[in-house]
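In: Any chance you could fold what I've pasted below:
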Amino acid sequence: MARSVRMFEFVLLLTWLLASKTGLCHPYHGKYARGSRHKSHNHQALSKIAIHRTIIRLDPNISITVSPSLMGLKGESMSFVLVQFRRPNGASESDWIGVFSPAKFNGSLCTSDKYGTNRDFQPFLCTSPIKYQYANFSSLDYVEKGEGSLNIRLINQRADFAFALFTGGIENPVLLGVSNTIAFVNPKAPLYPRLALTANWDEMSVTWTSGYSLGEAIPMVSWGHGAENHHLISPARTLSIDHSDMCGSPARTIGWRDPGYIHTALFTNLWPNTKYIYKVGHKLKNGSYVWGKNFYFTSAPSPGQDSLQRVIIYGDLGKGERDGSNEYNNFQPGSLNTTDRLVEELDSFDLIFHIGDLCYANGYLSQWDQFMEQIESLASQVPYMVARYSLDYGLFHFCIADSEHDWREGTEQYKFVEDCLASSDRLKQPWLIFAAHRVLGYSSDEWYGIEGTFSEPMARENLQKLWQKYKVDLAFFGHVHNYERTYPVYESNCVSTEGSHYSGNFNATIHIVVGGAGATLSPYSTIQTSWSAFKDLNHGFGKLTAFNRSVLLFEYKRSSDGKVYDSIWINREYKDVLGCDTINNCPLSTLAS
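Out: This next block holds a predicted model:
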């Protein structure tokens, strides 16, 4: 049990760090793993603000006030605030409001970049805002009247807030005025729990964030099964990160923000398919407790359990801003639609796989809290899986690869993939699923078409023999921001052109790109690929439903309306998996032996 806890914490922290760092410290940006190709990957909206060029020109005639001054009086972790501002002389379309947290954002917060080769000169304002909006966003007559207001949505991020009025646009900012300070009642409160499965089927982990160090309070989770039965207490381990864990700018400089403390606890000895209640919290030194809200989850089915099992899978979700902040306009335009659609359908699935490109923080650590808050309604109630692992879940065996590392034959990654596929017991887990972030199989994406590979270079040339040997039913990928499904394909040849129903002996793996969850959509190549069965240039997500050991349904849904736009059925018996496939790939032993 201790080993699974340590492994989960390591994976969680590693995922956090890698997604927060710059490309300079990417674990594998060599010849065979290309950097991101899509524009929205490369331009985090906050990076457009040239905060290091800021000129300080405080104007006593300018006023900016924010109310209420105290948020979360009823335990809320989110609040809309009213920002009112006046610039009697010189109001301009280039004026904008920046939200800073902590509230003190002047030069005293600056820290020199002492690590790595990417060194920045220390600017006077060296803290990026956590979001921003133009002054005339909701006050169209701002320039004429010199006054306006904004409704800004804030979440509890363990610190107070201040708002600043700038002119000169975001490329040449001039600081004119700073507001009063506002805060949540308890900025350190335990928030944003997210569930995950562990290596043991009868366990579930929960991770949350708070402002409490181990010296201030003891982290724990109270839980039990039944409606209000909190009769068990599990301790939590605590991790955190600091500047030295970052690789370079902006994560070490203007994008740095204290991420608080990350706590992880385990629910153990769970009954299969059982509903549990829990709340995360802390015991303070004075003996009192601080608790979060009550949440519920249903434990996993036991390996091989013959029951209805439903899994959501997508990549490249990103995050959105519900108050229309410019920070994310057109950056991940489908993110909120997908999140809200899944919240509406929460009772219709049991597990989520988010296969890479989580929130596109790109070195701006404030974005992680905002992403966790966005997915809280999902991740607090169903396992939200994000990293590399081998996992049994009821009738499924999942092999999730790390496409940021070398996948060629002879590498550690290749060995992991083969070991994972080989470990599948098709009698217990008849449905074998492979997934990775980058497209290691097939995609008709425009950039892949230009390169002539229709996948990451050297990917399927090395891995497709494993998919065929172990009869992988479906392979899922993100990275490309669209939807596409192939026919069963091997060595770029269609083994079957059946459109929506497959039965009997295994033919070849069907490859599905589900990278259109939220980020800016990616066009397809003009080259017509013979193995492509269905494409859709819309935001959406995939859903797997195992009805039993022999019937599997895959559906692709658009986030805009939740309707199914593509689907396939697979009917396959155990004997069909053990037999030869349609290209004469035969197992070493037969069903008779």
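
In: Let me see the contact set for residue 100.
Out: Residue 100 sits next to 127, 129, 130, 161, 162, 163, 164 when contact means C-beta atoms under 8 Å, 6 or more residues apart in numbering. Using the backbone N, CA and C atoms, a C-beta is placed for each residue, glycine as well.

In: Am I right that residue 143 is in a strand?
Out: No: counting by DSSP: H, G, I helix; E, B strand; the rest coil, one finds residue 143 to be helix, located in no strand.

In: Can you get me a residue count around it?
Out: Neighbourhood size, residue 143 [other C-beta atoms under 10 Å]: 17.

In: got a list of what it touches?
Out: 91, 92, 93, 136.

In: OK, contacts around residue 82?
Out: 66, 67, 149, 150, 151.

In: repeat that for 7 Å
Out: Listed by C-beta atoms under 7 Å, 6 or more residues apart in numbering, the contact set of residue 82 reads 66, 67, 149, 151.

In: Leaving out sequence neighbours, find the closest residue to the second one.
Out: Using C-beta to C-beta, 6 or more residues apart in numbering and skipping the chain neighbours, the partner closest in space to residue 67 is residue 82 (5.4 Å).

In: Next one: that neighbour from residue 140, what distance?
Out: 18 Å (C-beta to C-beta, to the nearest Å).

In: if we can go back for a sec, quick one: strands adjacent to the helix or strand that contains the residue nearest to residue 67?
Out: According to DSSP states H and E, residue 82 maps onto strand 78-86. Counting by DSSP bridges, the strands paired with strand 78-86 are strand 63-67 (antiparallel), strand 147-155 (antiparallel).

In: Make CSV out of those strands and add mean pLDDT.
Out: CSV is the format used below for the strands paired with strand 78-86 (pLDDT from 0 to 100):
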stretch, mean pLDDT
strand 63-67, 98
strand 147-155, 97
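
In: TSV please, covering the contacts of residue 143 and showing pLDDT.
Out: Shown next, in TSV, are the contacts of residue 143 (pLDDT from 0 to 100):
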residue	pLDDT
91	96
92	96
93	96
136	95
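
In: which stretches of the stretch 151-300 of the chain form strands?
Out: Taking DSSP state E, counting those that start in this stretch as the criterion, the stretch 151-300 of the chain carries its strands at 162-167, 174-178, 183-184, 191-197, 204-210, 217-225, 232-239, 261-267, 275-284, 289-291, 295-298.

In: Please, where are all the helices along the stretch 301-450 of the chain?
Out: Using DSSP state H, counting those that start in this stretch, the helices of the stretch 301-450 of the chain run over 335-344, 366-379, 412-422, 446-451.

In: which one of those helices has the most crowded surroundings?
Out: Stretch with highest mean neighbour count among the helices of the stretch 301-450 of the chain: helix 366-379 (a mean of 22; mean count of other C-beta atoms under 10 Å).

In: Hey, what's the angle from that helix to strand 191-197? Just curious.
Out: 60 degrees (axes from the mean of the first three to the mean of the last three C-alpha atoms, to 10 degrees).

In: let's number from 36 now, not from 1
Out: With 36 as the first residue, the last one maps to helix 401-414.

In: Residue ranges in the stretch 436-585 of the chain under the pLDDT threshold?
Out: Across the stretch 436-585 of the chain, no stretch falls below the confidence threshold (pLDDT under 70).

In: what about the strands in it?
Out: 466-471, 509-512, 518-521, 524-525, 528-529, 536-538, 545-549, 567-571, 575-581.

In: Provide a PyMOL selection command restricted to the buried entries of the contacts of residue 117.
Out: Here is the PyMOL command that selects the buried residues among those (16 or more other C-beta atoms under 10 Å):
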select buried, resi 101+184
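
In: Export the contacts of residue 117 as a markdown table, with columns for distance to residue 436.
Out: Rendered in a markdown table, the data for the contacts of residue 117 read as follows (distance: C-beta to C-beta, whole Å):
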| residue | distance to residue 436 |
| --- | --- |
| 101 | 47 |
| 102 | 50 |
| 184 | 50 |
| 186 | 44 |
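
In: ok, so of the contacts of residue 117, who is nearest residue 468?
Out: Nearest to residue 468 among the contacts of residue 117 is residue 186, at 43.4 Å by C-beta to C-beta.

In: Surely the closest one touches residue 115?
Out: Yes: judged on C-beta atoms under 7 Å, residue 186 makes contact with residue 115 at a distance of 5.3 Å.

In: measure the closest residue in space to residue 570 that isn't next to it in sequence to residue 500 for me?
Out: Residue nearest to residue 570 in three dimensions, not counting chain neighbours: residue 519, with 4.9 Å by C-beta to C-beta, 6+ apart. If you measure residue 519 against residue 500 using C-beta to C-beta, the figure is 22 Å.

In: So between these two, which is more surrounded?
Out: Using other C-beta under 10 Å, the more surrounded residue of residue 519 and residue 500 is residue 519, with 27 against 15.

In: Which residues are in contact with the more buried one?
Out: So residue 519 contacts 478, 479, 548, 567, 569, 570 (C-beta under 7 Å, 6+ apart).

In: Can you give me every residue that contacts residue 408?
Out: 112, 113, 190, 227.

In: Format those as JSON lines; extra columns: distance to residue 204 and neighbour count.
Out: Supplementary listing: these in JSON lines, determined by distance: C-beta to C-beta, whole Å; neighbours: other C-beta atoms under 10 Å:
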{"residue": "112", "distance to residue 204": "32", "neighbour count": "21"}
{"residue": "113", "distance to residue 204": "29", "neighbour count": "15"}
{"residue": "190", "distance to residue 204": "27", "neighbour count": "21"}
{"residue": "227", "distance to residue 204": "33", "neighbour count": "24"}
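
In: Quick one: those as JSON lines, columns for distance to residue 552 too.
Out: Shown next, in JSON lines, are those (distance: C-beta to C-beta, whole Å):
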{"residue": "112", "distance to residue 552": "24"}
{"residue": "113", "distance to residue 552": "22"}
{"residue": "190", "distance to residue 552": "21"}
{"residue": "227", "distance to residue 552": "19"}
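
In: mind listing what the residue nearest to residue 529 when sequence neighbours are not counted touches?
Out: Spatially, and ignoring its direct neighbours in sequence, residue 529 is nearest to residue 522 (4.5 Å; C-beta to C-beta, 6+ apart). For residue 522, the contact set (C-beta under 7 Å, 6+ apart) comprises 529, 531, 532, 566, 568.

In: Specify which member of those residues is nearest to residue 179.
Out: Among those, and counting by C-beta to C-beta, the member closest to residue 179 is residue 568, at 56.5 Å.

In: Quick check: that closest one touching residue 524?
Out: No: assessed by C-beta under 7 Å, residue 568 is found out of contact with residue 524, at 9.3 Å.

In: Please say which of those two ends up with more neighbours.
Out: Remark: of residue 568 and residue 524, residue 524 carries more neighbours, 26 against 21, as counted by other C-beta under 10 Å.

In: tell me the contacts of the more buried one?
Out: By C-beta under 7 Å, 6+ apart, the neighbours of residue 524 are 477, 530, 543, 546, 566.

In: repeat for residue 426
Out: Per C-beta under 7 Å, 6+ apart, neighbours of residue 426: 232, 433.

In: and residue 332, how many residues sit next to it?
Out: Residue 332 has 22 nearby residues by other C-beta under 10 Å.

In: surely it meets residue 413?
Out: No: if you go by C-beta under 7 Å, residue 332 and residue 413 don't touch, sitting 11.2 Å apart.

In: Residue 272 versus the residue nearest to residue 313 when sequence neighbours are not counted, what's the distance?
Out: What sits nearest to residue 313 in space, not counting adjacent residues and going by C-beta to C-beta, 6+ apart, is residue 258, at 3.7 Å. Going from residue 258 to residue 272 by C-beta to C-beta gives 16 Å.

In: what about residue 115, how many neighbours?
Out: Count around residue 115 with other C-beta under 10 Å applied: 12.

In: In contact with it: list those residues for me.
Out: 186, 187, 188.

In: I'd like those residues as JSON lines, with distance to residue 315 appended.
Out: Formatted as JSON lines, the contacts of residue 115 follow (distance: C-beta to C-beta, whole Å):
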{"residue": "186", "distance to residue 315": "30"}
{"residue": "187", "distance to residue 315": "27"}
{"residue": "188", "distance to residue 315": "23"}
